[in-house]
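Colleague: Could you work out the structure for the sequence below:
(chains A and B)
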Protein chains: 2
Amino acid sequence: MPHLCSMRIVIIGTGNTATILGRKLKGAGHHIVQVFGRNAAAASALAYELECASANYWSIVDRTADLYLLAVSDVAVEELRKELNLPDSTLVHTAASVPLDALKGAAGHYGVFYPLQSLRKGSDRLPEIPVLVDAGDSATLQQLEELAGSISGQVATADVAARLRLHLAAVFCNNFVNHIYTLMEEWCVRQGLDFRLLLPLIRETAERVQELT
Amino acid sequence: MPHLCSMRIVIIGTGNTATILGRKLKGAGHHIVQVFGRNAAAASALAYELECASANYWSIVDRTADLYLLAVSDVAVEELRKELNLPDSTLVHTAASVPLDALKGAAGHYGVFYPLQSLRKGSDRLPEIPVLVDAGDSATLQQLEELAGSISGQVATADVAARLRLHLAAVFCNNFVNHIYTLMEEWCVRQGLDFRLLLPLIRETAERVQELT
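Modeller: Numbers count the residues shown, from 1 in each chain, chains lettered A, B, ... in the order given. Just a heads-up that it's a prediction; the model follows:
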């Protein structure tokens, strides 16, 4: 998907999703205008990395950005939306389980920008991140598809039902599988076996799925 | 581990293990002298790939090789060992569940060369293959460690108890995990969801284990 234009983005949140999406968006040529976070030190640290300003209270948040990326926990989305009033901008949340309409009235345009990946800011690598988008109007949907296309080769539209189902499948493919690996590592330790001998098999198993599908 | 010398090897078997180990050993500079298989067409096909002779009955098997790699099913090891008489050579099997002593008396030296990996000859890739070795005498053990070291960065000594336990852990890390992926793919199809959106997560989950361990 072609990357049509650079957007001016305010990132709300300082956790894994905010950090990783911030890195991806900046890397794709977008302009991160500001990072907002209630914890001033965390906001400042991420802003430093993304080379922009930080804010830890609403009155100094830049109101001129194109997009406000609400990268906070699912429960915090509801709290924060009450404080937001962005009639001239687009507001998106990044939560699997929050309906699109949760943002209704908080901004002129609103949508969802859900990254279907396990995100950890401590990692040196930036993994491929499929992005599921949704929006309250077709122009915003197209805008979000373009934005997602600038950082990902896999972009799809998904309503909250589809997001929740894909999230459930993701829990099986990630958490359940990780649990098996953890159990096996513990078992190997107890048996005096070297779990690292299984790492090439684990990698091969994941690679094989990529080919067969 | 340095690769001290090139060995002259006869491969017994034409399946996945015979094929993948044959490719790895040839790639590491060893000389594959012959491929033996009861099915003449299969033996000939693998021999063609490995640029060597093939045989489908014992009387024409080369008796001058350094090593005879018995890459057949666990149950076939017992049958074949009765036909083998290689007093001047080293005979190894590649089976997780077969004790070392199953080869006793069939050759001057004997051992185990077990590849801890899911091997499929149809794949274009040659994955990393940890090799678990064992032998009836210390000189043969050293020889097998060197041979394994020429095709793998992960070589360990393991008796049949350790091989069986690692094999069990491998079944969890491969078959059980694959089963989860298969269930999720079927479920996504039923739900009208695109399972390919989960592939980057599956890859990331496997990569994360490589780093954490």
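
Colleague: got a list of what A:L116 touches?
Modeller: A:I129, A:P130, A:V131, A:L132, A:L166, A:H167, A:A170, B:L197, B:L198, B:P200, B:L201 (Cβ atoms under 8 Å, 6 or more residues apart in numbering or on different chains). For every residue, glycine as well, the C-beta is placed using N, CA and C.

Colleague: name the element the first one belongs to?
Modeller: By that I understand A:I129. Assigned by DSSP states H and E, A:I129 belongs to no helix or strand.

Colleague: looking at it, it is touching A:I151, isn't it?
Modeller: Yes. If you go by Cβ atoms under 8 Å, A:I129 and A:I151 touch, sitting 6.9 Å apart.

Colleague: anything in contact with each of the two?
Modeller: Joint contacts of A:I129 and A:I151 (Cβ under 8 Å, 6+ apart) are A:L21, A:K24.

Colleague: Give me the contact list for the helix-or-strand element of chain A with minimal mean pLDDT.
Modeller: Least confident helix or strand of chain A, by mean pLDDT, DSSP states H and E, is helix A:74-83 with a mean of 86. The contact list for helix A:74-83 (Cβ under 8 Å, 6+ apart) reads A:I12, A:W58, A:L70, A:V72, A:H93, A:A95, A:A96, A:S97, A:V98, A:A102, A:L103, A:A106.

Colleague: give me that answer again for 6 Å
Modeller: A:W58, A:H93, A:A95, A:S97, A:V98, A:L103, A:A106 (Cβ atoms under 6 Å, 6 or more residues apart in numbering or on different chains).

Colleague: same thing with stretch A:41-53?
Modeller: Contacts of stretch A:41-53 (Cβ under 6 Å, 6+ apart): A:T14, A:T19, A:G22, A:K26, A:I32, A:V33, A:Q34, A:V35, A:G37, A:S54, A:N56.

Colleague: Among these, name the ones in strands.
Modeller: A:I32, A:V33, A:Q34, A:V35, A:S54 (DSSP state E).

Colleague: JSON lines for those, including distance to chain B?
Modeller: Listed next are the ones in strands among the contacts of stretch A:41-53 as JSON lines, based on distance: Cβ to the nearest Cβ, whole Å:
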{"residue": "A:I32", "distance to chain B": "23"}
{"residue": "A:V33", "distance to chain B": "28"}
{"residue": "A:Q34", "distance to chain B": "29"}
{"residue": "A:V35", "distance to chain B": "24"}
{"residue": "A:S54", "distance to chain B": "29"}
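
Colleague: So which of those residues wins on neighbours?
Modeller: Neighbour counts for those, by other Cβ atoms under 10 Å in any protein chain shown, peak at A:V35, which reaches 31 neighbours.

Colleague: Can you redo the contacts of stretch A:41-53 as a markdown table, where the extra columns are distance to A:Q142 and pLDDT?
Modeller: Listed next are the contacts of stretch A:41-53 as a markdown table, based on distance: Cβ to Cβ, whole Å; pLDDT from 0 to 100:
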| residue | distance to A:Q142 | pLDDT |
| --- | --- | --- |
| A:T14 | 29 | 97 |
| A:T19 | 27 | 98 |
| A:G22 | 23 | 98 |
| A:K26 | 22 | 97 |
| A:I32 | 22 | 98 |
| A:V33 | 22 | 97 |
| A:Q34 | 25 | 98 |
| A:V35 | 26 | 98 |
| A:G37 | 30 | 95 |
| A:S54 | 31 | 97 |
| A:N56 | 33 | 94 |
